[in-house]
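**Student:** dropping a prediction and its sequence here:
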Amino acid sequence: MANNIDSNETKLTAKDFVTDQDVRWCPGCGDYSVLAQTQRTLPDLGLPKEKIVWISGIGCSSRFPYYMNTYGFHTIHGRAAAIATGAKLANPELSVWVATGDGDLLSIGGNHFIHTCRKNIDLKILLFNNRIYGLTKGQYSPTSEKGKVTKSSPYGSLDFPFNPVTLALGAEASFVARSLDRDPKHLQYVLKRAAEHKGTAFVEIYQNCVIFNDGAFDAQANKETKDDNVLFLEHGKPMVFGKNKDKGIIVDGTTPKVVSLTDGKYSVNDLLVHNEFDQSVVLAYLLGQMSNHAEFPTPVGIFRQIKKSTYHEDMMKQIDAVKAKKGEGDLEKLLFSGNTWEVK
Ligand SMILES: Cc1ncc(C[n+]2csc(CCOP(=O)(O)OP(=O)(O)O)c2C)c(N)n1
Ligand code: SF4
C-alpha cells in the first residue's frame, strides 16, 4: 500500500497488533469494532510496529493505546492532538495516530483540533463519536443533539451540537471522512485511505455507547433502516441511495435536495456526482451539513481529500534553508546572545 512513510516490507498480521492487556470496555461497546478494524488495517501500512505510535487523551476511547501493540501514550484530557503534533515533528518517520472521543477532541481539545487541521500536521485522527461522555458516566457532549436529557442536562441541553465533519472541513483539514463501528468493511476501507493520506486525516466514526447513549446511530447502522438513511459517497459515482436505489441527491442553487428516481421527473444523470478531490470545499460542506437534517440521508465515506504541503515537510525545508545560509545552530551560543541578565 502506498504510504508517505518508507516501508520496509514487514508483513505483519492483525494479531501482531493485539496486546496482552485485558480490554476494559463494556460488553457490546462500539470501541471493540474500531479496535478490531484498525488492527486489521495496520498490517497494510507495511511498517514495523516501532514506527507506529498511538496517542490519546482521556475517555473510554482513549484507552486505545493500551490495546494496540505499537508505541503509545495515554496522555491528558483534550491534549492528544497537541502531543501527537510534538511526536510527529520530533520524529517525522513515525506514523502517528490519535484515538479520541467527542468530549476529548471537541470540548476541552477543540482548540488543538482546529489548529492541527489548519497546519496540516501529518496525523491520523480517529474520533470515536458516541455523542456522550462515556468515561465520566453520561454527561452531554458537544455532539449531543439539542434537548438531550443527561445527568448534566436534566431538562435538556441547550447547545447546538458541533458537526465534526463540517468543523474539520472549515478548519481546512486535507482529508475528511466518516464511517461507522457497525460497518466493518467500510471502516477498514476508510482507515486505509486515511493511512495513505499525507497530512491531517480526520475520520469521524459513529460509535455506539451501549451504556449511556445506546442506539444513537441505529437509523444509520441497523440492517432494516440503513439503506434509506445512509448515502455512501463514492468518487465519480452519482449520489444514489435507498433500499431500491430509488432516491438521489441534486443541488438546487446552494441547496441539496432528495429526489425520487421513480416519479419520472429525475434520472441518475441529474444527480450530483461525488468528487473527493474537489479543490473547492463547497460541495463537501453541503454534504457534511446533510447529517444535521433528518430529511437527508447521512453521508459516509470520504468527503474531501486534497493535496497540500505538510507542516513537518515545510519545517524541515526551512531548517535546511536556514542551515545552508547560517551554518549549524549552536543552542548555547543562542541562549547567551543578545540581552541576557542574571537573576540574583
Ligand atoms: C482536565 C480534565 N477535565 C475533565 C476530566 C474528566 N473527563 C474525563 S473523560 C471526559 C470526557 C469523556 O468523553 P469522550 O471524550 O466523549 O470519550 P468517551 O469516554 O465517550 O469515549 C471528561 C470530561 C479530566 N479527566 N480532565
Ligand atoms: S461507557 Fe460507553 S463508551 Fe465507555 S466503554 Fe462503556 S459502552 Fe463504551
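**Tutor:** Everything's here; your move. Just so you know, these numbers come straight off a predicted model, no measurement behind them. Ligands and ions are numbered 1, 2, ... in the order given.

**Student:** count residues in the vicinity of the closest residue to residue 249 other than its chain neighbours, would you?
**Tutor:** Setting aside the residues directly before and after it, residue 249 is nearest to residue 239 in space (Cβ to Cβ, 6 or more residues apart in numbering), at 4.0 Å. Just so you know, the C-beta spots here come from the backbone N, C-alpha and C atoms, and that holds for glycine as well. If you count neighbours by other Cβ atoms under 10 Å, residue 239 ends up with 23.

**Student:** does the most centrally placed residue in the chain belong to a helix, a strand or coil?
**Tutor:** Residue closest to the average C-alpha location in the chain (Cα atoms, centre = their mean): residue 203, at 2.2 Å. Three-state assignment for residue 203 (DSSP: H, G, I helix; E, B strand; the rest coil): strand.

**Student:** ok so, going back, ok, now how distant is the residue nearest to residue 249 from ligand 1?
**Tutor:** Remark: distance between residue 239 and ligand 1 (Cβ to the nearest ligand atom, to the nearest Å) = 30 Å.

**Student:** also residue 143?
**Tutor:** 8 Å.

**Student:** which parts of this structure are helices?
**Tutor:** Under the criterion DSSP state H, helices of the chain are mapped to 31-41, 64-67, 80-90, 102-103, 110-119, 164-170, 184-196, 218-221, 223-229, 282-290, 311-326, 331-335.

**Student:** what stretches of the stretch 1-150 of the chain score poorly on pLDDT?
**Tutor:** Within the stretch 1-150 of the chain, the stretches with pLDDT under 70 are 1-10.

**Student:** the same query, at a cut-off of 50, please.
**Tutor:** For the stretch 1-150 of the chain, the stretches with pLDDT under 50 are 1-3.

**Student:** now the strands for the stretch 1-150 of the chain?
**Tutor:** For the stretch 1-150 of the chain, the strands defined by DSSP state E, counting those that start in this stretch cover 52-56, 71-74, 95-101, 123-129.

**Student:** strands paired with the first one, and their directions?
**Tutor:** The pairing partners recorded for strand 52-56 under DSSP bridges are strand 71-74 (parallel), strand 95-101 (parallel).

**Student:** quick one: it near ligand 1?
**Tutor:** No: judged by Cβ under 6 Å from any ligand atom, strand 52-56 stays clear of ligand 1, getting no closer than 9.5 Å.

**Student:** got the buried residues for that strand?
**Tutor:** Residues 52-56 are the ones in strand 52-56 that count as buried (16 or more other Cβ atoms under 10 Å).

**Student:** for ligand 2, state which of these is nearest.
**Tutor:** residue 56 (13.3 Å; Cβ to the nearest ligand atom).

**Student:** is that closest one bridged to anything, and to what?
**Tutor:** Bridge pairing for residue 56 - DSSP bridges - gives residue 74, residue 99.

**Student:** quick one: contacts for it?
**Tutor:** For residue 56, the contact set (Cβ atoms under 8 Å, 6 or more residues apart in numbering) comprises 62-65, 72-75, 80, 98-100, 104.

**Student:** so what's whichever residue of the stretch 101-250 of the chain sits closest to ligand 1 up against?
**Tutor:** Residue nearest to ligand 1 within the stretch 101-250 of the chain (Cβ to the nearest ligand atom): residue 101, separated by 2.4 Å. The contact partners of residue 101, by Cβ under 8 Å, 6+ apart, come to 57, 59-62, 127-130, 133-135, 141.

**Student:** before we move on, the earlier item: next, format the strands paired with strand 52-56 as JSON lines and append distance to ligand 2.
**Tutor:** Listed next are those as JSON lines, based on distance: least, Cβ to the nearest ligand atom, whole Å:
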{"stretch": "strand 71-74", "distance to ligand 2": "15"}
{"stretch": "strand 95-101", "distance to ligand 2": "8"}
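
**Student:** between those, which one is closest to residue 186.
**Tutor:** strand 95-101 (18.6 Å; Cβ to Cβ).

**Student:** now the closest one and strand 123-129, what's the angle there?
**Tutor:** 20 degrees (axes from the mean of the first three to the mean of the last three Cα atoms, to 10 degrees).

**Student:** change the start of the numbering to 700 and stick with it
**Tutor:** Got it, the first residue is 700 from now on, which makes the last one we talked about strand 794-800.

**Student:** and the angle for strand 794-800 with helix 809-818?
**Tutor:** 150 degrees.
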